[in-house]
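# let's see this in three dimensions:
(2 chains)
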Amino acid sequence: MRLRAGAVLLAATLALAPDVSRAQGGRARVLIVSGVAGEPQYADEFFKQATTMIDALKTRFGVPDSEIVYLAENPARDAARIKAASTKANIERELTALGAQSRTGDVLFVMLIGHGSGDGTTSKFAIPGPDITANDFARVLDGIGGPTIAFVNTSSASGGFIGTLSGPNRVIATATKSDMERNETRFANYFVQAYATDVADADKDGRVSVLEAFDYARREVARAYESENHLLTEHAQLDDNGDRKGTAAPDAKSGDGSLARRVFLGGRAGSVAAAAHAASSDPRVAALEREKDSIETKLDSLRRRKATMDSTAYEKALETLLVQLAEKNKAIREATGGRP
Amino acid sequence: MIRATASVYRIAVLLATVASVSCANDRPAWASQGAQDDPAQLKRAGELERSGKYDEAIGIYRELAAKDGPTAVASRRGLLRTLSETGKYADAEDAGRRFVAGAGGVELQNALGEVLRLRGKTAAAESAFKAAMTGRASDSLTARLNLDVLHFDRGAHAEALKDLDGFIDVYNSRRRSLTSEELMAVGTACRYLGVTNPQLFKDALKAYDEAIARDSTNQEAQLREVELFLDKYNSGEAKKTVAALLAKNPRHPRALLASARVAYFDGSGAAAEIVRKSLEVNPDAPAARAFLGSIYFDGEDYAASAKEAERALATDSTLVEGLSVLAASRYLQGDRAGFDALERRALAQNPKEADFFVNMAEAAARNRLYAQAVDFAREGVVADSTAWRAYGVLGMNQLRVGAMDEGRKNLDRAFAGDPYDVWIKNTLDLLDTFKDYKETASPRFRFVVDGKESELLSTYLRDLAEEAYDSLAARYQYKPQTPIRLEVYRSHADFSVRTVGLAGLGALGVSFGTTLAMDSPAARDAGDFNWGSTFWHELAHTFTLGASDHRVPRWLSEGLSVLEERRARKGWGADVTPEFLAAYKSGKLVKVSRMNDGFMRPAYPQQLIFSYYQASLVGELIERDFGQRAIVDMLNAYKTGATTEQVFQRVLKLSPEAFDAKFDAYLKERFGKLMAVIEPKDVRKDAMPRAPAVDGEYTSTLSQGIAALEMKNYDEAIKWLEKAKTLFPEDASAQGPYWLLAQAYKAKGNARAEANELTAMTLRNEDHYGANIELSSVLEQLGDSAGAAAALDRAMYISPYDPAQHARLAALFARTGNKRGAVRERQAIVALNPVDRAEALYQLALAYYEAGDGTSARREVLRALEDAPNFEKAQELLLRLQRGNRSGGGGD
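A predicted model of the protein is given here:
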């Protein structure tokens, strides 16, 4: 299902993103780095965020343990899960290794949890020993050719990473807009929640794209600040069109988001997508899937033409396609023994 | 609007001859030698004058003025000045005429001219100023300024400004040799020239500063600085400068007047008291009398206002402020002919008289006559196309009546002409944010709400507004023009700017008639206020204002609005409090016959709050004893221009004083039992005015209960709190017995008793969010879904921002068969822009489906599926709807 869905989207978005095929399917490899905590409360918080993310990826999205690397300030805290200390040398080594294993169509996901800093020219992430800079990451990532890279820096003052790491076939997300936003961030907490719970799957396809996770985290951060009557001191940004400029609200207008929308770290167990994928060897189901793909292609095309269409005509066409899709899904569920 | 008036500006140029000894050094050829100690005496007189010992100063000046010595000119000018300053205008004029008739009289022509101008004798003043100029008197530059100002005030703007422009040349060519008095004249010339170039106001300030630097005893220059600051909306600097001046001369009548104006500008109730101090020194000061008249006018005491204005005009028949205060009083008293005559008089003396109309517009706006304010301000700009303040007042009032585009245009013009007007700047800044607002509508309303919450609040407002309109239209037998525009502000500062042009207003809402503005629930912390009742309150004003053609006094309009809140929903609106009754028992409430004072000039901060409730009780009493029809009749009577006394006589057949007695009896009858358990304390006549603290049996009983509760001695707490509740069952505050009893019962695990207390509380208290949420949970546990839904429904009008509570309420409504309510709540969740938007849209579609609205259900499920095409539940609903369609049905 995931592969076929990728093919459909390839057709639909070819003109927009030449690298789209690489964002779909394939395997996800994950590097999670938690940095220097400074205080015990942060050490606990970073550990919880990292392990919650890892657990979610494994249990909810089926990412194998072998493809997740966790580096932390204090490996002794959980030797079973933390592979090594999050030093510069270890980070670069592990990232290089994961990159080497990845192929076109795979996703290499990097997540930084901790404190950051920056002076407008150099952006850093605080780790044991010398801090690692955005330039250090850029050097390593530039040596990785195949996979789509999703790099999420949830630390304070992380905004400067976008300008340095931005590039083709890369999704760069940061918790802040610039190096100047130096307060402790809340972004990581909500970004992890997006994967650990059912809250962020906005399109109900059983998977969470990086864009969905980013949108969820950004909105919940804003909501939290607003509910406490605090001024927002972190403005999360995302760049995936390689223009070195982040945007707070990725959409067609901003030009960002089209790649992140298609970057997944796995499909949720038990979803329609997973069931269909599992049963796709059945020729009857395969035929239904092809028909469904065709409807989805039309649907995607229709939605992209919405702004130029008469609203009544659009709604009529939308309803027709959505009814067809609903009927097709129902047929697939029945054919695969799912709930009718 | 609270703003310095134009007449401040005008009066400032008079009495320009400063109380300094500098003139003593001018020794004209005609002067003969006098006594050796005369200069010392003159110096002494100046010191006495500058310290406010006017009588003593006059005595010395008079003595010296009788001699033809070297001090003659300065002492004669000093005499005319001090006589005028203390209101002995006739004496001053007589003396001035004698002086100018004598040898070297030309030196006194300008001083005489100033006295004549103060008495409104403009033609004679003009002759005197000209004589001073042609005779090359030592103060001829000041005479030239006075003449220009006189011409300006007569409407010869071009001529006056052309000559005033020459003062800049004077400054540039003779700056170092100019006297303090001459620098002051340059400063005032720059103030007038500021109408053509606002940068010149800075030059005016610079010239005044130099005048003070040249002669630090020049109090007149300091006073002009105060007036300039006030004129340019800088009350902080004005306050500082006038305080310094009053520290030197605490009896300076015009400094006291300026101080009163600063207080008025800052919204302080002390203005009247300060201006009265000024009048103690000069009981006939026209500007002070007119200002006092405007304060009475604000209190809607038009008779007193007119009396003061007439007294001002008795001294200076040309004083524009006096004319406009009197005209406004006549207008509000329904004396159209009287108003017309005053208008003609103002225009006869100055065909370009914009200030008269600006003052009228502001007076009208202060009395909620916004449409008339627009008309008056428009006449102002017609009279003088450079009257920037008129454009500003026009624009502000156009915004109030909903003419947004025209209002903005005029504010832009005003701001271009006078960029110092902070009201206009703030309002223009606010208008810039309107691009983020969204307009939605119901049949008779337009809701202009920040886009972030437009959909959410409109979901509630649509029904509430239409219900309120029908209810109020039936009660007041009047239908306001529609659509009614409601603006809702997420920032209280924005609401405040919209209302008065400045941040810091304490109110929650305002009604300009058919344009309303209010705080959004987001503007304050949850529990600060009930936005539903606030809307109802403001809309009630729309009816009472409209039914009376905006003539209803504020107190009655407010009282009826509070009364309507109480009628709208159980628990909405103010109720009796121990503090209110303590204030009553200690005589700290205003009488009904003086009710407006409680709103316009509260004696202590809480009196305003008490007055709202008190006024609502007046409404209740009238309805009880005279019927609802009497209220309608009263509004109709006000519409004819009748005064409150006439309205009471005509409709209730009672004098206001007789009604006072009736109301007093009503309070005793209604609250007698409660009063018995309340005692005011700390009531000292010499203390700062404030509400009394509350003591008595109720307070002590409640205290016992609180103490026991704090000790977690719940049985003991319940005993005392139950008793307190019996003593004062109306106290549903967060510090009252219901809430505390609920805590005690909760701690004991008695859910039913807790629910009973919370139910009783929330049916009396309109803004306790936590109590409603807690009550809904407890009732849900007890299986009372309807009660739980009702509590949550109340909570939504306190704070509608928690999606989880909306989901609970939607489920409760669905469970209790309130399908429309379930739809509303599902709409609210969608409006809150939830992360899981597809789910929210699906749930809304489902609610529509269950309510039998297949069309809306289809629309919403399509929206859900547009976001999430493979959303299984939504697909199922879509297919169900399709089947229903095919079989000819809607929802199942």
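# so B:A517, which of the three states?
Here B:A517 is recorded as strand under DSSP: H, G, I helix; E, B strand; the rest coil.
# next, count neighbours for it.
24 (other Cβ atoms under 10 Å in any protein chain shown). C-betas here are computed from N, CA, C, even on glycine.
# for it, what are its contacts?
Listed by Cβ atoms under 8 Å, 6 or more residues apart in numbering or on different chains, the contact set of B:A517 reads B:L486, B:E487, B:V488, B:Y489, B:F495, B:R498, B:T499, B:G509, B:V510.
# residues in contact with the closest residue to it other than its chain neighbours?
Using Cβ to Cβ, 6 or more residues apart in numbering or on different chains and skipping the chain neighbours, the partner closest in space to B:A517 is B:E487 (4.4 Å). Counting by Cβ under 8 Å, 6+ apart, B:E487 makes contact with B:Y437, B:V448, B:V449, B:R498, B:T515, B:L516, B:A517, B:M518.
# just give me the closest of those to chain A.
Ranked by distance to chain A (Cβ to the nearest Cβ), the contacts of B:E487 are led by B:V449 at 16.4 Å.
# quick one: B:G749 from chain A, how far?
31 Å (Cβ to the nearest Cβ, to the nearest Å).
# how close does B:Q199 get to chain A?
36 Å.
# sorry, that was for B:T427
24 Å.
# how distant is whichever helix or strand that residue is part of from the center of its chain?
Using DSSP states H and E, B:T427 falls within helix B:422-432. With Cα atoms, centre = their mean, to the nearest Å as the basis, helix B:422-432 stands 17 Å off its chain's centre.
# now B:R551: which helix or strand?
With DSSP H and E as the test, B:R551 turns up in no helix or strand.
# check the burial of it by counting its neighbours.
So B:R551, with other Cβ under 10 Å, has 24 neighbours.
# again, but for A:Y225
Neighbours of A:Y225 (other Cβ under 10 Å): 15.
# surely it and A:L231 touch.
Yes - counting by Cβ atoms under 8 Å, A:Y225 touches A:L231, with 7.0 Å between them.
# tell me the phi and psi of the residue nearest to B:A517?
The phi/psi pair for B:E487 (degrees, to the nearest 10) reads phi -110, psi 130.
# read off the pLDDT value for it.
B:E487 is assigned a predicted lDDT (pLDDT) of 96.
# beta partners of it?
Beta-bridge pairing of B:E487 under DSSP bridges involves B:V448, B:A517.
# so what's residue 189 up against?
No chain in the question, so chain A it is. Contacts of A:N189 by Cβ under 8 Å, 6+ apart are A:E45, A:Q49.
# my bad, the chain I had in mind was chain B
Contacts of B:A189 by Cβ under 8 Å, 6+ apart are B:L145, B:D148, B:L164, B:D165, B:F167, B:I168.
# what's the closest of these to B:A583?
B:L145 (53.4 Å; Cβ to Cβ).
# and the strand or helix carrying B:M595, how far out from the chain middle?
Here B:M595 sits within helix B:595-600, counting by DSSP H and E. Chain-centre distance of helix B:595-600: 13 Å, with Cα atoms, centre = their mean.
# tell me the mean pLDDT over it?
83.
# helices or strands up against that helix?
Contacts defined by 3 or more Cβ pairs under 8 Å, 6 or more residues apart in numbering or on different chains; DSSP states H and E place helix B:595-600 against helix B:554-568, helix B:605-626.
# reformat the ones you listed as CSV; add mean neighbour count, mean pLDDT and distance to A:D201.
Listed next are those as CSV, based on neighbours: other Cβ atoms under 10 Å in any protein chain shown; pLDDT from 0 to 100; distance: least, Cβ to Cβ, whole Å:
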stretch, mean neighbour count, mean pLDDT, distance to A:D201
helix B:554-568, 24, 96, 43
helix B:605-626, 19, 94, 51
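# out of those helices, nearest to chain A?
Using Cβ to the nearest Cβ, the nearest of the helices and strands packed on helix B:595-600 to chain A is helix B:605-626, at 24.9 Å.
# and the contacts of the closest one?
Contacts for helix B:605-626 (Cβ under 8 Å, 6+ apart): B:555-556, B:558-560, B:562-563, B:566, B:573-577, B:579-580, B:583, B:588-590, B:592, B:595, B:598-599, B:602, B:630-631, B:634, B:651-652, B:662-663, B:666-667, B:670, B:690-691.
# please pick the buried ones from these.
Listed as buried from the contacts of helix B:605-626 are B:555-556, B:558-560, B:562-563, B:566, B:573-577, B:579-580, B:583, B:588-590, B:592, B:595, B:598-599, B:602, B:631, B:634, B:651-652, B:662-663, B:666-667, B:690-691; burial here means 16 or more other Cβ atoms under 10 Å in any protein chain shown.
# and the residue lying closest to B:P283 once chain neighbours are set aside, what does it touch?
Of all residues not flanking B:P283 in the chain, B:G87 sits nearest, at 5.7 Å (Cβ to Cβ, 6+ apart). Residues in contact with B:G87, defined by Cβ under 8 Å, 6+ apart, are B:V281, B:N282, B:P283, B:D284, B:A285, B:T315.
# quick one: which of those is most hemmed in?
Most surrounded of those: other Cβ under 10 Å gives B:A285, at 29 neighbours.
# report the contact partners of whichever residue of the stretch 151-300 of chain A sits closest to chain B.
The minimum distance from the stretch 151-300 of chain A to chain B, using Cβ to the nearest Cβ, falls at A:K204 (3.6 Å). A:K204 makes contact with B:A838, B:E839, B:A868, B:N870, B:F871, B:E872, B:A874 under the criterion Cβ under 8 Å, 6+ apart.
# could you figure out how far the host helix or strand of B:A287 is turned away from helix B:554-568?
In this assignment (DSSP H and E), B:A287 forms part of helix B:286-298. With axes from the mean of the first three to the mean of the last three Cα atoms, to 10 degrees defining the directions, helix B:286-298 sits at 20 degrees from helix B:554-568.
# now the nearest residue to B:A676 once chain neighbours are set aside: phi and psi?
Nearest-residue entry for B:A676: B:E697, 7.8 Å, with adjacent residues in sequence omitted and distances by Cβ to Cβ, 6+ apart. Per-residue torsions, B:E697: phi -60, psi -40 (degrees, to the nearest 10).
# next: B:D463.
phi -70, psi -40.
# same deal with A:I132?
phi -100, psi 140.
# now it, which residues is it bridged with?
Beta-bridge partners, per DSSP bridges, of A:I132: A:F125.
# which residues touch A:F109?
With Cβ under 8 Å, 6+ apart, A:F109 has these contacts: A:A28, A:R29, A:V30, A:L31, A:I149, A:A150, A:V152, A:V210, A:L265.
# which of those residues has the most neighbours?
A:V210 (29 neighbours).
# surely that residue and A:V263 touch.
Yes - contact criterion Cβ under 8 Å: A:V210 and A:V263 qualify, at 4.4 Å.
# common neighbours of the two, please.
By Cβ under 8 Å, 6+ apart, the residues touching both A:V210 and A:V263 are A:A150, A:V171.
# from the rest of the structure, what touches stretch B:764-778?
B:526-530, B:533, B:565, B:569, B:571-573, B:575, B:730, B:732-734, B:738-739, B:742, B:746, B:751, B:754-755, B:758-759, B:761-762, B:787-789, B:791-792, B:794-795, B:798-799, B:805, B:808-809, B:812.
# again, only using 7 Å
In this structure, residues lying in contact with stretch B:764-778 by Cβ atoms under 7 Å, 6 or more residues apart in numbering or on different chains are B:526-530, B:533, B:571-573, B:575, B:730, B:732-734, B:739, B:751, B:754-755, B:758-759, B:761-762, B:788, B:791-792, B:794-795, B:798-799, B:805.
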